[in-house]
Structures are given as C-alpha cells and as structure tokens.
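Enquirer: Build me a structure from this.
(chains A and B)
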Number of protein chains: 2
Amino acid sequence: MAFDPQTLVYDHKGLIPCIAQAAGTGEVLMMAWMNAEAVAKTLETGRVTYWSRSRQAFWIKGETSGHVQKLVDLRVDCDRDCLLAVVEQEGPACHTNRRSCFYTAVRDGEEVELMTPIA
Amino acid sequence: MAFDPQTLVYDHKGLIPCIAQAAGTGEVLMMAWMNAEAVAKTLETGRVTYWSRSRQAFWIKGETSGHVQKLVDLRVDCDRDCLLAVVEQEGPACHTNRRSCFYTAVRDGEEVELMTPIA
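Expert: Got it, this is the predicted structure:
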C-alpha cells in the first residue's frame, strides 16, 4: 500500500510524536514531534526533520549543530499515532551534548545521571 | 535528588508520553501515556501502568491480556516531558498480538508489514 503522511493520526495541533532510535545499538535517543509536511520531508530527504514547537518551524535535526540523523527506516505504530525513526546519529542526539536525551534514571526514588556530556 | 512525579512536564491533559523498550533486545515496543499518578503507580508496583485516553482510566498493562510489562528501569528525558520505560515484556506488547506496535515500515513509498501476530 502506498504511504500517505495524511493518513497518520495527528493531535489537535497537527503533530505526531516520533521516537528516534539508533540503528545498530537500538538505543533510544530522543522523542520529538512532526507534522505531515515534516514526515514527507524526512522521507524525501533522508534527513530526519521535526517540527519545533518552541520555534514553530521545521527543525532539520543537526542543521546547526552538525548532529544529523540519517534516516535508516521509518516505522508507523498500530494506531498510526506514533512514529519510530531508526537513524544513524552523528554525535550526540541531545542538546546537552549527551548521546541520548534519556540520561536520567529513577532508581530507589532517586534521580541518577547515567551519561555525561560528550567532550 | 529525590524523584517527584509532579516535577515532570505534562501536556494540557495532564499526560506525558512513555516509550516502552524491551530490556535486552532494545526493541521499541509501544508508546502510551501516563499521568502523574500512573508514573507513581508504575514505580510503586514495578508494573507499567498507563493512563488510557479512550477509557479515561488507569491501564495496568497486561491486566486482562496477561501481557504484562515488568519495569526494569524508568528514564526521564532532558526536557522532562517524555519517559522511557525499559521493561520485561510478557508476550506481545501490541493489541494486534504482534511483539511491537511498530510493525509497519515505510520503504520506497510503500507500507511494508515487518511482523505477523504471534500465534
């Protein structure tokens, strides 16, 4: 079946969450949002492109930082309301310079930092 | 630092997305939503508990299906507006009986099914 970004289920702001996972290691790197046009751009360019809710603009991941995400595979979930982008991540995915945004764990009621910023 | 579910960033409905990832394989299984009480219940019980938006009720994953998610590690992202639950998944995570909800890939403009339901 041909894929049409318009057939995805978007929220009231026209956005769908997209999880980025590192190809190879399987590490979950980040979660951000796309609109239908960002989904189409991601597929067309092979460069993962989100919609920045704070800037209200397309966010070609790594465009300024160089920490680009090359799309390896795009997956759609059963309800068509969440995406999973398998990516080749250049450098850190997180704006804090850590490999993944999910660097804090909750263990025995305490927050524990699992990663330090990449030097 | 002690963890308090109230310090997370919830959307206008009081919800935060939570990605479930299989311990060991790293497979991304599903994404669902939690409110602050669901986060607290998940940590207290070690059984991943979402908030069902359709039923407007707590959803102890696997309570009826037996396909429970045992919490291995809970992670918080840099913006504190997304969670990652590393879990031991009993059976399929998806209501379609597939291992993961992300069983559809978009390849060369076509939707491709990557997994079949577990018999």
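
Enquirer: Over to the residue most central in space within chain A: give its phi and psi.
Expert: Centroid check for chain A by CA atoms, centre = their mean gives residue A:20 as the closest residue, at 3.8 Å. Here is the backbone geometry of residue A:20 (degrees, to the nearest 10): phi -100, psi 130.

Enquirer: List, one by one, the residues from chain A near chain B.
Expert: Chain A comes close to chain B at residues A:1-3, A:17, A:19, A:21, A:25-28, A:30-31, A:43, A:73-79, A:82, A:84, A:94-96, A:98, A:101-107, A:109-111, A:114, as judged by CB under 8 Å from any CB of the partner chain. All C-beta spots, glycine's among them, are computed from the backbone N, C-alpha and C.

Enquirer: Please list the members of those residues that lie in strands.
Expert: A:17, A:19, A:21, A:28, A:30-31, A:73-76, A:84, A:104-107, A:110-111 (DSSP state E).

Enquirer: what's the burial count for residue A:1?
Expert: Neighbourhood size, residue A:1 [other CB atoms under 10 Å in any protein chain shown]: 10.

Enquirer: looking at it, it is touching residue B:109, isn't it?
Expert: No: in this structure, residue A:1 is not within contact of residue B:109 by CB atoms under 8 Å, at 10.0 Å.

Enquirer: Closest residue of chain A to chain B?
Expert: Residue nearest to chain B within chain A (CB to the nearest CB): residue A:26, separated by 2.9 Å.

Enquirer: which residues touch that residue?
Expert: B:21, B:25, B:26, B:27, B:28 (CB atoms under 8 Å, 6 or more residues apart in numbering or on different chains).

Enquirer: Quick check: phi and psi on the residue in chain A sticking out farthest from the centre?
Expert: Going by CA atoms, centre = their mean, the residue of chain A most distant from its centre is residue A:108, 28.9 Å out. Note on residue A:108: its backbone torsions stand at phi 50, psi 40 [degrees, to the nearest 10].

Enquirer: Next one: it, what pLDDT does it get?
Expert: Looking at residue A:108, its pLDDT stands at 96.

Enquirer: now swap in residue A:114 and tell me
Expert: The model reports residue A:114 with a pLDDT of 97.

Enquirer: now do residue A:118
Expert: At residue A:118, the model reports a pLDDT of 89.

Enquirer: Now do it against residue A:94, distance only.
Expert: Using CB to CB, to the nearest Å, one gets 9 Å for the distance from residue A:118 to residue A:94.

Enquirer: between the two, which one's more packed in?
Expert: Neighbours were counted for residue A:118 and for residue A:94 using other CB under 10 Å; residue A:94 has more, 21 against 12.

Enquirer: Show the contacting residues for the closest residue to that one other than its chain neighbours.
Expert: Nearest residue to residue A:94 in three dimensions, chain neighbours excluded: residue A:101, at 4.4 Å (CB to CB, 6 or more residues apart in numbering or on different chains). Contact analysis of residue A:101 by CB under 8 Å, 6+ apart lists A:29, A:30, A:31, A:93, A:94, B:77, B:78, B:79, B:82.

Enquirer: Near residue A:15, how many residues? Count them for me, please.
Expert: Neighbours of residue A:15 under the rule other CB under 10 Å: 17.

Enquirer: Assess the claim that it and residue A:37 are in contact.
Expert: No: Residue A:15 is beyond contact range of residue A:37, at 11.1 Å (criterion: CB under 8 Å).

Enquirer: which of the residues of chain A next to chain B are buried?
Expert: Neighbour counting by 16 or more other CB atoms under 10 Å in any protein chain shown classes A:3, A:17, A:19, A:21, A:27-28, A:30-31, A:43, A:73-78, A:82, A:84, A:94, A:98, A:101-106 among the residues of chain A next to chain B as buried.
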